[in-house]
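Enquirer: One predicted model, sequence on top.
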Amino acid sequence: MDAARAIVLCVLCYILMCNEGLAMKPMKLKLPANVSVPAVIVFGDSIVDTGNNNNNMKTFARCNFLPYGRDFEGGLPTGRFSNGKVPADLLVEAFGIKELLPPYTDGSLEPNDLLTGVNLAAGGVGYDPLTSKIAAVESLSDQLEQFKGYIEKLKGIVGEKRTNFIISNSMIFVVIGSNDISNTYFLIGARKMQFDLPSYIDFILNHASEFFKELYRLGARRIAVLGVPAIGCVPSQRTIGGGVGRDCDENQNQAAELFNSKLSAEMNHLRHTLPNSKFTYMDVYNPLQDIIKNPNKYGFEVVDKGCCGTGLLEVTKLCNQYHQTCTDSSKYVFWDSYHPTERAYMIVVQHLLTKYASSFF
């Protein structure tokens with residue numbers, strides 16, 4: 001049996017044992033004998049941020065306060081935009097490297113923390129540089145500069161040869177794009193005078209492609225890029241653009257699908273033109289949509305409201321200690337009006353690894 005088939009069968013068996021997500025446990029990937037993944041490194045926005053915005057007092061995109069982290073270890077807020085773990089944690093845990101992926105800005109990181117991977121993601125970021133300016137957060141270019149600094153730190157710890165091995169064999173995950181579409185283009189309309197929608201999609205895709213190529217130039221080879229979810233169906237966008245019935249905002253969903261189709265094609269192009277690269281597009285749109293459309297299949301009861309407050313608009317500073325939260329977050333797909341619960345994240349991440357793990361190597 002070849003290595004790719006072994007990975008898929010292993011993951012499928014795990015999912016079957018979990019009975020469609022009703023009895024969730026952290027996933028563990030079994031790697032082929034000849035494969036090494038020394039670290040996981042994540043770039044992105046609030047979907048994967050684990051605390052890089054905690055000390056940025058200029059931004060609204062912070063959540064290092066209750067009730068965020070209510071179901072996290074010790075019930076403490078850490079800067080994760082959920083009730084518990086986020087995909088960055090679930091991914092590094094699935095590779096058996098460590099349980100949590102620390103934010104790169106954590107001043108207490110030890111050398112071993114750096115050797116096994118860090119999180120460079122910051123809530124509010126986008127491929128479009130304007131998106132980060134609007135959110136008052138460090139841009140994707142800043143994350144890239146941090147990555148360069150991270151590489152230099154590795155060289156100081158283990159030398160250049162081992163550093164090159166770590167970077168080329170690590171899993172790099174990129175989770176960006178939702179803020180560009182939902183905030184910069186639709187909600188604020190900051191780019192509508194300059195671009196129609198198809199032109200804006202091409203604009204952010206061009207920025208994305210240049211970012212991926214720079215990762216490759218810096219030595220990264222295993223680069224997995226998540227598409228944009230059905231952002232028109234998150235509670236806040238239902239409230240803002242879904243009419244009286246709070247239906248999904250199909251304009252945003254269609255924009256997400258257009259971007260995803262072009263992103264997927266670009267990933268395929270890069271994989272076949274850049275030697276030894278393993279660029280992989282990961283479709284997150286359809287698995288999350290399946291949860292939203294078929295909640296009972298996964299044991300959920302509420303899909304159109306978040307667990308925090310009314311669940312209609314509360315997010316970041318609007319979701320705070322003065323708001324009541326639902327009693328059982330496992331019944332909710334969304335924690336606040338924009339970000340899923342840990343349980344929803346677990347189901348989506350397991351689906352993604354089941355489908356795409358064999359493409360990483």
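Expert: Perfect, I can see it now.
Enquirer: what residues are up against the nearest residue to residue 45 once chain neighbours are set aside?
Expert: Using Cβ to Cβ, 6 or more residues apart in numbering and skipping residues adjacent in sequence, the residue nearest residue 45 is residue 125, 4.9 Å away. Just so you know, the C-beta spots here come from the backbone N, C-alpha and C atoms, and that holds for glycine as well. Taking Cβ atoms under 8 Å, 6 or more residues apart in numbering as the criterion, residue 125 is in contact with 44, 45, 131, 132, 135, 137, 138, 139, 140, 143, 176, 179.
Enquirer: try 6 Å
Expert: By Cβ atoms under 6 Å, 6 or more residues apart in numbering, residue 125 lies in contact with 45, 132, 137, 140.
Enquirer: Next, check the residues you listed against the helices and list the overlap.
Expert: Using DSSP state H, the members of the contacts of residue 125 that fall within helices are 132, 140.
Enquirer: now, which of the contacts of residue 125 sits nearest residue 94?
Expert: Nearest to residue 94 among the contacts of residue 125 is residue 45, at 20.4 Å by Cβ to Cβ.
Enquirer: What residues sit buried inside stretch 319-333?
Expert: Using 16 or more other Cβ atoms under 10 Å as the test for burial, stretch 319-333 gives 319, 323, 325, 326, 329, 330, 332, 333.
Enquirer: Which residue ranges of this protein form strands?
Expert: Using DSSP state E, the strands found in the chain span residues 40-44, 171-175, 222-226, 280-282, 302-306, 332-334.
Enquirer: could the ones you listed be laid out in CSV, adding mean pLDDT and distance to residue 250?
Expert: Formatted as CSV, those follow (pLDDT from 0 to 100; distance: least, Cβ to Cβ, whole Å):
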stretch, mean pLDDT, distance to residue 250
strand 40-44, 98, 25
strand 171-175, 98, 23
strand 222-226, 98, 21
strand 280-282, 98, 23
strand 302-306, 98, 15
strand 332-334, 98, 19
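Enquirer: Could you tell me which of the contacts of residue 125 count as buried?
Expert: Neighbour counting with 16+ other Cβ under 10 Å marks 45, 132, 137, 140 as buried within these.
Enquirer: Give the phi and psi angles for residue 136, as a check.
Expert: Backbone torsions of residue 136, given as degrees, to the nearest 10, read phi 60, psi 50.
Enquirer: how close does it sit to residue 146?
Expert: To residue 146, residue 136 is 17 Å away according to Cβ to Cβ, to the nearest Å.
Enquirer: Settle it for me: which of those two has more neighbours?
Expert: For residue 136 versus residue 146, neighbours defined as other Cβ atoms under 10 Å are more numerous around residue 146 (18 against 14).
Enquirer: got a list of what the residue nearest to the more buried one when sequence neighbours are not counted touches?
Expert: Distances taken as Cβ to Cβ, 6+ apart put residue 120 closest to residue 146, at 5.2 Å, once the chain neighbours are dropped. Residue 120 makes contact with 43, 104, 143, 146 under the criterion Cβ under 6 Å, 6+ apart.
Enquirer: Quick one: neighbours of the second one, just the number.
Expert: Neighbouring residues of residue 104 were enumerated by other Cβ under 10 Å; the total is 25.
Enquirer: now it, nearest residue through space, not along the chain?
Expert: residue 118 (4.4 Å).
Enquirer: Could you count how many residues lie near that neighbour?
Expert: Residues lying near residue 118 (other Cβ under 10 Å) number 27.
Enquirer: now swap in the one 3 residues further on and tell me
Expert: By the measure other Cβ under 10 Å, the count of residues near residue 121 is 31.
Enquirer: what do you get for residue 168?
Expert: Considering only other Cβ under 10 Å, residue 168 is surrounded by 14 other residues.
Enquirer: Quick check: chain neighbours aside, which residue is closest to it?
Expert: Here the residue nearest residue 168, using Cβ to Cβ, 6+ apart, is residue 221, at 4.8 Å.
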